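[1] got a predicted structure plus its sequence, pasted below:
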There are 2 protein chains.
Amino acid sequence: MDSATAFAPASVSNVASGFDIMGFALDGPGDTVTVRLTRTPGFTITKITGTTAALPFEPDLNTAGAPVIALFRHAGTSFGAEIEIRKGLPLGSGIGSSAASAIAAAFAANAALGAGLTGEELLPFAIEGEKIASGAVHVDNLSPSLLGGFVLVRGYGPIDLVKIPPPDDLWCTIVRPHIEIRTKESRQALPKQVPLKDVVTQTGNAAGLIAGLLTSDYALIGRSLHDVIAEPARGPMIPGFQAMKEAAMRAGALGCSISGSGPSVFALSRGKKTAEGASDAMSAALDAIGCAHSRSVSLISPVGARLCSGETA
Amino acid sequence: MDSATAFAPASVSNVASGFDIMGFALDGPGDTVTVRLTRTPGFTITKITGTTAALPFEPDLNTAGAPVIALFRHAGTSFGAEIEIRKGLPLGSGIGSSAASAIAAAFAANAALGAGLTGEELLPFAIEGEKIASGAVHVDNLSPSLLGGFVLVRGYGPIDLVKIPPPDDLWCTIVRPHIEIRTKESRQALPKQVPLKDVVTQTGNAAGLIAGLLTSDYALIGRSLHDVIAEPARGPMIPGFQAMKEAAMRAGALGCSISGSGPSVFALSRGKKTAEGASDAMSAALDAIGCAHSRSVSLISPVGARLCSGETA
């Protein structure tokens, strides 16, 4: 029987001034999903590895299961599927764990069925999975996990994605305090209304970030990485956030803000050495308050979801 | 005695989703200012032509006078100056008339004195003139009039200008209903607070507009030319605005919105023919309600303020 295995990378959404409209893919860990066709209809999640969390084995309640079901229905096939999930990303960490599972699942299902859908055509199916995790449609994690690089979500009605290639020497530091923040709670902390002058500040910075990325103007990227909307509301929910941010900036990072809805914090730097220095400095800031954490340094991944070789047969 | 004459073009600020952060220069009419050094200190406005409006002849109350005075003070010169103003732009029309006068004045004063300031260094002096006209510092007209092309005002503290070269075949239609809207009144119509979802829409479109301009993606420019903040508040102040906008879009324009704080309305189109079609359609919409108006079609000017040849001696 045909099967396919796909990998989708972690992602950072929001990106400071890009609140709810931008994300980028990380060149590092991600989630892997295998979809194996069965002659009998129906869907089974056969295995979930890489996490100690009690993820649901009911396919329609699972972030990777729902996209497979939706895509099989769309294709009108009589096949069923066995689904195997290998989590490489921690849940509730703010680096797009549920998005990576949903994207990898849609990608693998498309390949297993030979449905021939393009990357962007897979998005609606992945959204079915992301809805389960976050209760709302936010594609700023899904789209970079799918397409790679930076992705601007120009609009939501209809979804309009603009791929922005990452500058060559742009590195990302991720520091993840070992606490969990629920996306829904983090969203409730956001202001419902924003003063007009803050809107002008935010749009100027979002526009500047795009200009900086497209022209590889690292200094402009740095000047644009300021969020006056979500960060002031969410920063206090993350232990040591201000100390980490100040430490990253002192270490030469271009900017530092909350990854997704947290608790992970990202910094962008020009060059690996600076990104590693930021990582050390941010880590020391969390050590100083006794907060356990993990950390990583990586390039922005120019590619998003991909098939794992030798797994389609 | 040394003298210099400078020209500064009209400009469109706000640019739909670029509310308060973007503007572009028009390749067409503008204001011209001559600054003639005098051995005796003190400043005189000797002539104002091209307008029937009663502009003040007191130099420190005049949009072109104040920049000259400020720049002469900065240079620490003992010279005075005679200032001559040729208005090519109608006042209160929303295409940066006061900005053009202030920029041309600063430009001419710099050349007459041989002060050697760069374009961006002239901005603070031009701001002295614009303050008189609008009571506040908004550089989204001043900066394109000074630098040409599109200019993104990334931030105001300090002012951070990013030049965005215009796509080759991007044309602008301007239709100006013959009514006056005061900038201050138009500003009072704006909302003080903006719902978060509108902020996301606006930032997505502002970011999309920059991406479209930098990659000459005309369709993306069109999809991004939507303003959910100022246009809904100000549109009703302009006679026939909705009818003009709909007419422009039917004629194939990429987008259409209010120029500055109005009453001029701009449309952007790919190609001269489409821009002229939009002009005809918008004009017919105003004719239908009996509203007198002027109109023009021009390229985006890649250059801003410039010295007029043969006038520095």
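    Cool, got the structure. Residues are numbered from 1 along each chain as shown, chains lettered A, B, ... in the order given.
[2] show me what contacts the nearest residue to A:Leu299 once chain neighbours are set aside?
    Counting by CB to CB, 6 or more residues apart in numbering or on different chains, A:Asp27 is the residue found nearest to A:Leu299 once chain neighbours are left out, at 4.4 Å. All C-beta atoms are positioned from the backbone trio N, CA, C, and that covers glycine. Going by CB atoms under 8 Å, 6 or more residues apart in numbering or on different chains, A:Asp27 touches A:9, A:298-302.
[3] how about a cut-off of 7 Å?
    Applying CB atoms under 7 Å, 6 or more residues apart in numbering or on different chains to A:Asp27 gives the contacts A:298-301.
[4] could I get those as TSV with secondary structure?
    Formatted as TSV, these follow (DSSP: H, G, I helix; E, B strand; the rest coil):
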residue	secondary structure
A:Ser298	strand
A:Leu299	strand
A:Ile300	strand
A:Ser301	coil
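[5] outside of the longest helix along chain A, which residues touch it?
    Longest helix in chain A by number of residues, with DSSP state H as the criterion: helix A:196-214. With contacts defined as CB under 7 Å, 6+ apart, helix A:196-214 is touched by A:17-18, A:21, A:150, A:152, A:164, A:167, A:220-221, A:223-226, A:228-229, B:19-21, B:152-155, B:162, B:164, B:190-194, B:199, B:202-203, B:206-207, B:210-211, B:214, B:229.
[6] for the biggest strand by length in chain A, buried residues please.
    When chain A is parsed with DSSP state E, its longest strand is strand A:22-38. Residues of strand A:22-38 classed as buried by neighbour count (16 or more other CB atoms under 10 Å in any protein chain shown): A:22-37.
[7] what about A:Gln188, how many residues nearby?
    Residues within reach of A:Gln188, counting by other CB atoms under 10 Å in any protein chain shown, total 9.
[8] okay, now the unreliable bits of the stretch 101-250 of chain A?
    Applying pLDDT under 70 to the stretch 101-250 of chain A picks out no residues at all.
[9] show me where it has its strands.
    Ranges of strands in the stretch 101-250 of chain A, per DSSP state E, counting those that start in this stretch, are A:150-156, A:159-164, A:170-177, A:193-195.
[10] got a markdown table for these, with mean neighbour count too?
    As requested, those are arranged in a markdown table below (neighbours: other CB atoms under 10 Å in any protein chain shown):
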| stretch | mean neighbour count |
| --- | --- |
| strand A:150-156 | 24 |
| strand A:159-164 | 19 |
| strand A:170-177 | 25 |
| strand A:193-195 | 16 |
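[11] out of those, which gets nearest to B:Ser257?
    Across the strands of the stretch 101-250 of chain A, B:Ser257 has its closest neighbour in strand A:150-156 (16.1 Å, CB to CB).
[12] from A:Met244, how far out is A:Leu89?
    The gap separating A:Leu89 from A:Met244 is 20 Å, by CB to CB, to the nearest Å.
[13] show me which of those two is the more surrounded one.
    Taking other CB under 10 Å, A:Leu89 and A:Met244 do not tie; A:Met244 has more neighbours (28 against 24).
[14] quick check: closest non-adjacent residue to A:Gly114.
    Nearest non-adjacent residue to A:Gly114, counting by CB to CB, 6+ apart: A:Asp2, 7.5 Å away.
[15] cool, A:Arg250 as well?
    A:Ala281 (6.4 Å).
[16] you'd agree the one you found is in a helix?
    Yes: counting by three-state DSSP, A:Ala281 is part of a helix.
[17] thought the residue nearest to A:Gly114 was touching A:Arg39?
    No: at 11.1 Å, A:Asp2 and A:Arg39 do not qualify as touching, with contact defined as CB atoms under 7 Å.
[18] neighbour count winner among the two?
    A:Asp2 (13 against 8).
[19] how near is that one to A:Ala70?
    Taking CB to CB as the measure, A:Asp2 falls 19 Å from A:Ala70.
[20] who in the stretch 151-300 of chain A is up against chain B?
    Contacts of the stretch 151-300 of chain A with chain B, taken as CB under 7 Å from any CB of the partner chain, map to A:152-155, A:160, A:162, A:164, A:190-196, A:199-208, A:210-211, A:214, A:220, A:223-224, A:229.
[21] still on that earlier bit, need the next SSE after the longest strand of chain A, C-terminal direction.
    Per DSSP states H and E, the first helix or strand lying C-terminal to strand A:22-38 is strand A:43-49.
[22] and what about A:Phe72, helix, strand or coil?
    Assigned by three-state DSSP, the conformation of A:Phe72 is helix.
[23] ok, it - how many residues close by?
    The number of residues packed near A:Phe72 is 23, by other CB under 10 Å.
[24] show me how chain A divides into domains.
    A:3-164, A:170-299 (automatic domain parsing).
[25] gap between the two ends of the shortest one?
    Meaning domain A:170-299. 6 Å (CA to CA, to the nearest Å).
[26] please apply the same query to stretch A:39-56.
    For stretch A:39-56, the first-to-last residue distance is 24 Å (CA to CA).
[27] now do the buried residues in that stretch.
    Buried residues in stretch A:39-56, counted by 16+ other CB under 10 Å: A:43-45, A:48, A:51, A:55.
[28] what does stretch A:194-205 give?
    A:194, A:196, A:198-205.
[29] and for A:Gly80, the neighbour number?
    Other residues lying near A:Gly80 total 18 when counted by other CB under 10 Å.
[30] then A:Met249?
    For A:Met249, the count of nearby residues is 17 (other CB under 10 Å).
[31] ok, it touching A:Cys256?
    Yes: under the criterion of CB under 7 Å, A:Met249 makes contact with A:Cys256 at 6.3 Å.
[32] quick one: A:Leu55 and A:Leu61 touch, right?
    No: between A:Leu55 and A:Leu61 there is no contact under CB under 7 Å: 9.2 Å.
[33] and the closest residue to A:Phe7 other than its chain neighbours, how far from chain B?
    Setting aside the residues directly before and after it, A:Phe7 is nearest to A:Thr32 in space (CB to CB, 6+ apart), at 4.9 Å. As for A:Thr32, its distance to chain B is 31 Å (criterion: CB to the nearest CB, to the nearest Å).
[34] got the contact list for A:Thr32?
    Counting by CB under 7 Å, 6+ apart, A:Thr32 touches A:5, A:7, A:86, A:88, A:104, A:308.
[35] can you flag the buried ones in the residues you listed?
    Neighbour counting by 16+ other CB under 10 Å classes A:5, A:7, A:86, A:88, A:104, A:308 among the contacts of A:Thr32 as buried.
[36] inside strands: which ones of those?
    Using DSSP E, A:5, A:7, A:86 are the members of the buried ones among the contacts of A:Thr32 that sit in strands.
[37] chain B: which of these is nearest?
    A:Phe7 (27.7 Å; CB to the nearest CB).
[38] show me the contacts for the residue nearest to A:Arg176 when sequence neighbours are not counted.
    The spatial neighbour of A:Arg176 that comes closest, neighbours along the chain excluded (CB to CB, 6+ apart), is A:Ser264 at 4.4 Å. By CB under 7 Å, 6+ apart, A:Ser264 lies in contact with A:93-95, A:174-176.
[39] repeat that with 10 Å
    Listed by CB atoms under 10 Å, 6 or more residues apart in numbering or on different chains, the contact set of A:Ser264 reads A:10, A:12, A:90, A:92-96, A:174-177, A:181, A:238, A:258, A:293-296.
[40] likewise for A:Lys47?
    If a contact means CB under 10 Å, 6+ apart, then A:Lys47 has A:34, A:57, A:82-86 as its contacts.
[41] beta partners of it?
    Beta bridges link A:Lys47 to A:Glu84 when assigned by DSSP bridges.
[42] how near is it to chain B?
    Distance of A:Lys47 to chain B, computed by CB to the nearest CB: 38 Å.
[43] for that residue, give me the pLDDT.
    A:Lys47 is assigned 95 on the pLDDT scale.
[44] can you pick out the most distant pair from the buried residues of strand A:22-38?
    Most distant of the buried residues of strand A:22-38, by CB to CB, are A:Met22 and A:Leu37, 36.2 Å apart.
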